[in-house]
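>>> need a 3D model of the following:
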Amino acid sequence: MSDSDIETLVDWKTKEATAEAMIPLIGRLYRESNIVTSIFGQPIINRSVIDLIKAHRFARQVIEHELSFTLTKSLLDEIVNLQLAPCRIDLGHLSRQYQEQSAASAISIKDFLQEKLAGAFKSHQKQTHISEDCKDVVLYGFGRIGRLLARILVEKTGGGDGLRLKAIVVRKGKAPNDLEKRASLLRRDSVHGSFQGTISIDEERNQLIVNGNRIQIIYSNDPTTIDYTQYGIEKALVIDNTGVWRDEAGLSQHLKANGVSRVLLTAPGKGAIKNIVFGVNDSIVNQDDRILSAASCTTNAIVPVLKIVNDAYGVDRGHIETVHAYTNDQNLIDNYHTGYRRGRSAPLNMVITETGAAKAAAKALPELAGKLTGNAIRVPIPNVSLAILNLTLTAEPSKKDINYLLRSMALHSPLRKQIDFVSSPEVVSSDFVGSRRAAIFDAESTIVNGKSAVLYLWYDNEFGYSAQVVRLAQKIAGIEYPVFPENT
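Numbers count the residues shown, from 1 in each chain. Next up, the predicted model:
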């Protein structure tokens, strides 16, 4: 083995050892203080050694070189000894700022953190609450979105002072081992893989015990007849993921049940119900709102990018074409369906169908009202969709301008949780399974010709959307943690 081979291997082993030493520190911050750490927006809680190494490599897209493992470890060593309130800390941005500051003037890591995390100390931190209610969460329905919401909510249990998944409401199945089947569907998923944790069943109490969280399974066909208080559930947020009711009259049934405070719909709401795309128009959520909608997966994917492009260059008009994975309401083989074309076999056909995403986008961005049209093509894949934005702009940016703008917003703006950025000629839909961003901008595919721009956005229409729903649920519950460093 040559000297260079040995040097490369030793460097790798050193990274592995450092990453191994970081894991208990990251876990301790999360379990004991509900402090979520990330590296340039990529969460590093419950991640493997290899995941941590890859996160440090990802830094090349932001600062053009790999993040220092030694510096990250030193920052963590100091942070665990600080008396911090629950918050979100981006170690990537902290590392970058420390390197810049220490290069200009000598400063210790301890003094640097005292300055940058000043607002996170328990004696100083202030939080803005929309509501003191709704920390108890009930999932009404347990389909594709419901099960992913359960995974995310359990994962985010942290120190226990955030959202708590207390119950799941379903209709009683025909099988005698219904509870076992519910557990199995949560445990294994053909698209998203196995649940990262343990699931056990308490038959006597009709509960699932998921990573230490007891979750009551309630059987009901009528939301008005449930008394949640008998299960110790108070002032709950009901997340209705059935899609059965989408108007105020139907969803108000949940509010008649004992123990319910608010309702969140995981589909576009009808009538006067506010359709919220978290990160864009969630500022309109207020204390009087009892029923809210998290809009649709496609609306969440396109609205953040539309806002950025419209703010920068102006959108005169546009057409959104969605190439969408098939969904559960389509048929496996040709059969009766109330919708046009949707009765045809989903795994065997591309199916042109309608989408309300363009109209819904205008609800979130009123300045685009009347400027957008939309359509959808359902295609034979089970997950990950593609939105194609064909826009006529007021200005004439270049492809480089648009790509640079969206890269910057994906990395440094308040919308970085909603938008991801990829610049690779090799990516395909399956690369984005499990993405928690509302959309991933594909820079290689951008087409610009004068005022005409065509933008391509990938999105995990299941997991990415579920992550947006949870973000909105946290907002409704008044659980909004400050992010540090404040200036990224």
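
>>> who does the longest helix anywhere in the chain touch, helix- and strand-wise?
Once the chain is assigned using DSSP state H, the helix that runs over the most residues is helix 3-33. Under the contact criterion of 3 or more CB pairs under 8 Å, 6 or more residues apart in numbering; DSSP states H and E, helix 3-33 touches strand 35-39, helix 49-58, helix 69-79. All C-beta spots, glycine's among them, are computed from the backbone N, C-alpha and C.

>>> buried stuff in the second one?
Of the residues in helix 49-58, those scored as buried under the neighbour-count criterion (16 or more other CB atoms under 10 Å) are 52, 53, 55, 56, 58.

>>> from what I can see the third one touches residue 47, true?
Pointing back at residue 55 there. Yes: with the criterion set as CB atoms under 8 Å, residue 55 and residue 47 qualify as a contacting pair; they are 7.3 Å apart.

>>> which of the helices and strands packed on helix 3-33 sits closest to residue 228?
Shortest separation from residue 228 across the helices and strands packed on helix 3-33 is recorded for strand 35-39, at 28.5 Å, computed as CB to CB.

>>> quick one: mean pLDDT for that closest one?
Per-residue pLDDT values across strand 35-39 average out to 92.

>>> show residues contacting that strand.
With CB atoms under 8 Å, 6 or more residues apart in numbering as the test, strand 35-39 has contacts from 26, 29-30, 43-45, 55-56, 58-59, 67, 72, 76, 79, 84, 86-92, 158, 481.

>>> hmm, which of the residues you listed are the buried ones?
Once neighbours are counted (16+ other CB under 10 Å), the buried part of the contacts of strand 35-39 comes down to 26, 29-30, 43-45, 55-56, 58-59, 67, 72, 76, 79, 84, 86-92, 158, 481.

>>> look up how far residue 264 lies from residue 283.
17 Å (CB to CB, to the nearest Å).

>>> who has more neighbours out of those two?
Set side by side, residue 283 and residue 264 show more neighbours around residue 264, with 27 against 8, by other CB atoms under 10 Å.

>>> and the helix or strand of the chain with the lowest mean pLDDT, what does it pack onto?
Averaged element by element with mean pLDDT, DSSP states H and E, the chain has its least confident helix or strand at helix 60-63 (a mean of 83). Packed against helix 60-63 by the contact rule (3+ CB pairs under 8 Å, 6+ apart) you find helix 91-104.

>>> what's the angle from the helix it packs on to helix 69-79?
Direction vectors for helix 91-104 and helix 69-79, defined by axes from the mean of the first three to the mean of the last three CA atoms, to 10 degrees, enclose an angle of 100 degrees.

>>> any idea of the angle helix 91-104 forms with strand 35-39?
Using the same axes, to 10 degrees, helix 91-104 lies at 70 degrees relative to strand 35-39.

>>> and helix 91-104, how far out from the chain middle?
Put simply, helix 91-104 sits 28 Å off its chain's centre (CA atoms, centre = their mean, to the nearest Å).

>>> now do the strands in the stretch 101-250 of the chain.
In the stretch 101-250 of the chain, the segments counted as strands under DSSP state E, counting those that start in this stretch are 136-140, 164-170, 199-202, 207-210, 213-219, 236-240.

>>> the second one pairs with which strands, parallel or anti?
So the one you mean is strand 164-170. According to DSSP bridges, strand 164-170 forms sheet pairs with strand 136-140 (parallel), strand 213-219 (parallel).

>>> so what touches it?
Among residues not part of strand 164-170, those counted as contacts by CB under 8 Å, 6+ apart are 135-142, 146, 150, 153-154, 157, 182, 208, 210, 213, 215-220, 223, 226, 228, 231-233, 236.

>>> shouldn't residue 255 be in contact with residue 249?
No: using CB under 8 Å as the test, residue 255 is too far from residue 249 to be in contact (11.3 Å).

>>> who has more neighbours out of these two?
For residue 255 versus residue 249, the count of surrounding residues by other CB under 10 Å is larger for residue 255: 15 against 9.

>>> average model confidence for stretch 356-375?
91.

>>> now stretch 466-477
On average, stretch 466-477 scores 95.

>>> return the distance of that stretch from the chain's centre.
Its chain's C-alpha centre lies 8 Å from the corresponding centre of stretch 466-477 when counted by CA atoms, centre = their mean.

>>> contacts for that stretch?
Defining contact as CB under 8 Å, 6+ apart, one finds that stretch 466-477 is touched by 130-131, 133-135, 137, 145, 148-149, 152-153, 156, 162-163, 237, 239, 262, 264, 266, 276-279, 282, 285, 289, 292, 294, 300, 417-418, 436-438, 480.

>>> same check, this time on stretch 115-124
Taking CB under 8 Å, 6+ apart as the criterion, the residues outside stretch 115-124 that touch it are 79, 82-85, 87, 89, 94, 97, 125, 482, 484-486.

>>> and which of these is nearest residue 381?
residue 89 (36.7 Å).

>>> secondary structure class of that closest one, three-state.
Classification of residue 89 by DSSP: H, G, I helix; E, B strand; the rest coil places it in strand.

>>> beta-bridge partners for it, please?
Under DSSP bridges, the beta-bridge partners of residue 89 are residue 37, residue 484.

>>> now stretch 238-245 - C-alpha only, CSV.
Coordinates of the C-alpha atoms in stretch 238-245 are reproduced here as CSV (Å, rounded to 0.1, in the frame of the first residue of the first chain):
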residue,chain,number,x,y,z
VAL,A,238,-57.1,16.4,15.1
ILE,A,239,-55.2,15.9,11.8
ASP,A,240,-57.9,14.6,9.4
ASN,A,241,-56.0,12.6,6.7
THR,A,242,-59.0,10.7,5.3
GLY,A,243,-60.1,13.3,2.7
VAL,A,244,-63.7,12.4,3.4
TRP,A,245,-64.6,15.9,4.5
